[in-house]
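> I'll drop the sequence and a predicted model, then ask my questions.
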Amino acid sequence: MKHGGAPLLLLEEALAEMRRQATPVRECEQTGLAEGLGRVLGADLQSPVTVPGFDNSAMDGYAFRAADVTAGVETLPVRLRVAAGDPPGVLAPGTACRIFTGAPLPSGADTVVIQEQCGVRDDQVVLPAHWTPGAHIRRAGEDIEAGAVILRRGQRLDPPAVGLAASCGFTRVTVVRRLRVAVLSTGDELRPAGGAALRPGQIYDSNRPMLQALLARLGCELRDAGHLGDDREATRTALRAAASTADVIVTTGGVSVGEEDHVKAAVEAEGSLSLWRVAIKPGKPIAFGRIGASYFMGLPGNPVSAFVTFLLFVQPFLRALQGEPAQPWGTYPVRAAFTRLKPDNRREFLRARLDMRPDGSLWAEAHARQSSGVLSSVVWAHGLVDIPAGRTVAEGDTVSFIPFGGLAP
Ligand code: AMP
Ligand code: MG
């Protein structure tokens, strides 16, 4: 039997191929705005209103008409008071209005001076020596014009987007239906936490709960397909069952080409599969295929590899299926607080933590144990340092840092 064999694929090539095969979900549903948090918009959102709907004061102060304050005038009688929520009122010529932040500008007024710069004498306001006509006013429509598209189809509703939609009066939104994702872990050694005590050779299944948590954060509907032993027939049966209910099946473990790795053969028997040896570390190999109408993604079993390949492959793919446009990863230049003397022929993602030095520079410290079984290193890390294939790193070199948050929604 030949081990390995397939040529090494670049990360970008694998991602591009997955995107090419992704047919975005079209079905949409209505949801309350708050419940829509984290979901992807299925239709453009067009504002029925102008925001703000009226000219209003940006400060607490006094409003007046600039033309009334000719040379030599330093005081104006205060004849009107408008607070936020009040109707605007009408400013009489030659007078001032006591006004507060968010209050509508009375008709006839066109300038606001801030209260800290004014004096008050009886019912008169003493204007500062210098002020600017038209100052401290927030114009109607400064944020949004009526009819403008405020959020586009394919945009994920994050908290600012929820706020923006609310500012236009929306209480409901149209979102793409949730993706149904089945998670399967494989391996005779795995036991669920909470069950019987582990026997020698057994370990707790960490990947399935971790992948489920990652999927929940992406707004997916989980189809827990359970845990499978290393058995060809059982794997086939489970995959077939998962394919009948899920848009995407994600498995961990069993995708290498060892004798106990049955996922590859089972997927090939039930559908079609590409086994990619992607030139990244950790992560190779990744399996991508189809079973019936479902997509199949097979991740490595090592927990760190499962986590990293989820972020690098599964997440962008699921986002494409949800109709989100492709987005570059948030990558930041930082200084390396480590050395890497030996170049690797694979692009490597090191778990690293950022530290700000007194001079304000950001340094990435790599975890001392980069083995793909050390899950505590992922919890410790803030993100990944992305080291191109063939590169060495000296302490102080500029390297690319991808915060986990830059890979997450
Ligand atoms: P495999 O890819 O099946 O060869 O597994 C590689 C390594 O990851 C082995 O040490 C497995 O015991 C471990 N592993 C596989 N699946 C899981 C899992 N769900 N949780 C924790 N460790 C796992
Ligand atoms: Mg295994």
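It's in. Ligands and ions are numbered 1, 2, ... in the order given.
> for the chain, which strand is longest?
Across the chain, the longest stretch assigned as strand under DSSP state E is strand 347-356.
> partners of that strand, with directions?
According to DSSP bridges, strand 347-356 forms sheet pairs with strand 280-281 (parallel), strand 362-366 (antiparallel), strand 383-387 (antiparallel).
> Save those strands as TSV, and put in distance to residue 130, mean pLDDT and mean neighbour count too.
Heads up, the C-betas are built off the backbone N, CA and C, glycines and all. Formatted as TSV, the strands paired with strand 347-356 follow (distance: least, CB to CB, whole Å; pLDDT from 0 to 100; neighbours: other CB atoms under 10 Å):
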stretch	distance to residue 130	mean pLDDT	mean neighbour count
strand 280-281	61	93	22
strand 362-366	42	98	20
strand 383-387	49	97	23
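> where's residue 401, which helix or strand?
In the assignment (DSSP states H and E), residue 401 maps to strand 398-403.
> pLDDT at residue 31, what is it?
On pLDDT, residue 31 comes in at 98.
> Then residue 329?
Looking at residue 329, the pLDDT reads 86.
> For the remainder of this discussion, apply numbering that starts at 755.
All set: I'll call the first residue 755, so the last point we hit is now residue 1083.
> And for it, the neighbour number?
Per other CB atoms under 10 Å, the neighbour tally for residue 1083 reads 16.
> roughly how far apart are it and residue 788?
Relative to residue 788, residue 1083 is positioned 29 Å away (CB to CB, to the nearest Å).
> still on that earlier bit, could I get the strands paired with strand 1101-1110 in a markdown table, plus columns for distance to residue 1047?
What follows is those, written out as a markdown table (distance: least, CB to CB, whole Å):
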| stretch | distance to residue 1047 |
| --- | --- |
| strand 1034-1035 | 29 |
| strand 1116-1120 | 42 |
| strand 1137-1141 | 33 |
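> out of those strands, nearest to residue 1103?
Proximity to residue 1103 (CB to CB) singles out strand 1137-1141 among those, at 4.1 Å.
> what angle separates that closest one from strand 1152-1157?
Interaxial angle, strand 1137-1141 versus strand 1152-1157 (axes from the mean of the first three to the mean of the last three CA atoms, to 10 degrees): 140 degrees.
> which element is the residue sitting furthest away from the middle of the chain on?
In terms of distance from the mean C-alpha position of the chain, residue 826 ranks first, at 57.2 Å (CA atoms, centre = their mean). Assigned by DSSP H and E, residue 826 belongs to neither a helix nor a strand.
> Same list (the strands paired with strand 1101-1110) but as TSV, adding distance to ligand 1.
Converted to TSV, these look like this (distance: least, CB to the nearest ligand atom, whole Å):
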stretch	distance to ligand 1
strand 1034-1035	15
strand 1116-1120	22
strand 1137-1141	19
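> Ligand 2 is nearest to which of the ones you listed?
Minimum separation from ligand 2 across the strands paired with strand 1101-1110 (CB to the ion) falls at strand 1034-1035, 19.1 Å.
> ok, and what's touching the closest one?
Strand 1034-1035 is touched from outside by 765, 1066, 1098, 1100, 1101, 1102, 1103, with contacts defined as CB atoms under 8 Å, 6 or more residues apart in numbering.
> All set, thanks.
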